[in-house]
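Q: got a sequence here, can you build the structure:
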Amino acid sequence: AVVLAGGTTMLPGFCARVKEELVKLFPDDNNLHVIPGPNPTGTSERGYNSQRKHAAWIGGSMFASLDTFDQVRVLKQEWE
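A: Residues are numbered from 1 along each chain as shown. Prediction:
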């Protein structure tokens with residue numbers, strides 16, 4: 001199975017395209033799965049919801065709220 005993650009994977013047809021390309025690379029593999037895959041009804045891709053859409057922002061917010069964040073953050077002055 002190939003697990004797709006991140007906002008770019010939510011582009012229309014992305015998951016189907018990845019599966020199509022993998023089938024070309026591995027034509028004899030009948031057990032190939034791309035997760036999330038296309039919705040069987042064809043209305044939208046499975047897994048398209050607000051949690052998936054905003055997962056990176058939610059994760060960043062959780063990370064920034066940790067007590068240890070001050071130890072690993074990089075200030076603009078340090079970056080420059």
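
Q: right, and the helix or strand after the strand or helix carrying residue 17?
A: Secondary-structure element containing residue 17, defined by DSSP states H and E: helix 14-25. Per DSSP H and E, the first helix or strand lying C-terminal to helix 14-25 is strand 34-35.

Q: excluding its backbone neighbours, what's nearest residue 23?
A: residue 32 (6.4 Å; C-beta to C-beta, 6 or more residues apart in numbering). To be clear about C-beta, it is placed using only N, CA and C from the backbone, and glycine gets the same treatment.

Q: I'd say the one you found and residue 21 touch.
A: No - between residue 32 and residue 21 there is no contact under C-beta atoms under 8 Å: 10.8 Å.

Q: more crowded one of the two?
A: residue 32 (14 against 11; other C-beta atoms under 10 Å).

Q: in the protein, what secondary structure element scores lowest on mean pLDDT?
A: None of the helices or strands of the chain scores lower by mean pLDDT, DSSP states H and E than helix 50-53, at a mean of 66.

Q: need the contact list for residue 59.
A: Under the criterion of C-beta atoms under 8 Å, 6 or more residues apart in numbering, residue 59 has no neighbours.

Q: coming back round to it: and the residue nearest to residue 23, how far from residue 19?
A: 7 Å (C-beta to C-beta, to the nearest Å).

Q: what do you get for residue 28?
A: Taking C-beta to C-beta, one finds residue 28 at 15 Å from residue 19.

Q: compare those two and say which is more crowded by neighbours.
A: The residue with more neighbours, out of residue 28 and residue 19, is residue 19; 17 against 6, by other C-beta under 10 Å.

Q: so what pLDDT did the more buried one get?
A: pLDDT, residue 19: 87.
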